[in-house]
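Visitor: Turn this into a structure:
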Amino acid sequence: MRTRRRLTGTVSFFLFLFLLGYLAVSFSTQFVRLQILRRDIAEMRAQVAELQQRNAAIRKELEKLQSRDYIEQVAREKLGLVKPGETTIVPQGSGRPLDYSIRD
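Guide: Here you go, the predicted structure:
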């Protein structure tokens, strides 16, 4: 009987050690996964912040490009257009209109 109790106690002890080892490995594995997920979240938050800044800059640029002043500037400088009643002066040789306009 004494041997049987001792055997049962030894088996219980090793079973306890095995369970404790399993729990330690499981905990450390989950801890590592948690750290990886936290790092990924931090990287994604940084990407979101960067994209929000880029989005704001693009919206500001779009607002500028859609303004009447910018459209008029492009029409005058790149397309050579003038408002009704204005005359464009083109110097000889350059082929490019000046920025001046004469109003009647």
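
Visitor: make it CA atoms for all contacts and neighbour counts henceforth
Guide: OK.

Visitor: What ranges does this protein have for its helices?
Guide: Ranges of helices in the chain, per DSSP state H, are 2-65, 68-77.

Visitor: Mean neighbour count, distance to residue 89 and mean pLDDT for these - can I get that in CSV?
Guide: Putting the helices of the chain into CSV (neighbours: other CA atoms under 10 Å; distance: least, CA to CA, whole Å; pLDDT from 0 to 100) gives the following:
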stretch, mean neighbour count, distance to residue 89, mean pLDDT
helix 2-65, 12, 27, 93
helix 68-77, 13, 12, 89
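
Visitor: now those helices as TSV including distance to residue 85?
Guide: Converted to TSV, these look like this (distance: least, CA to CA, whole Å):
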stretch	distance to residue 85
helix 2-65	26
helix 68-77	14
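
Visitor: Which of those helices sits closest to residue 84?
Guide: When these are ranked by proximity to residue 84, the top entry is helix 68-77, at 12.4 Å, counting by CA to CA.

Visitor: Just give me how far that closest one sits from the chain centre.
Guide: Centroid separation for helix 68-77 versus its chain: 32 Å, with CA atoms, centre = their mean, to the nearest Å.

Visitor: by how many degrees do that helix and helix 2-65 diverge?
Guide: Counting by axes from the mean of the first three to the mean of the last three CA atoms, to 10 degrees, helix 68-77 lies at 60 degrees to helix 2-65.

Visitor: Helix 68-77 packs against which elements?
Guide: Using 3 or more CA pairs under 8 Å, 6 or more residues apart in numbering; DSSP states H and E as the contact criterion, helix 68-77 has no neighbours among helices and strands.

Visitor: Quick check: the gap between residue 29 and residue 15.
Guide: Computed with CA to CA, to the nearest Å, the distance linking residue 29 and residue 15 is 21 Å.

Visitor: let me redo that: residue 79
Guide: In this view, residue 79 and residue 15 are 87 Å apart by CA to CA.

Visitor: next one: residue 22
Guide: Residue 22 sits 10 Å away from residue 15 when distances are taken as CA to CA.
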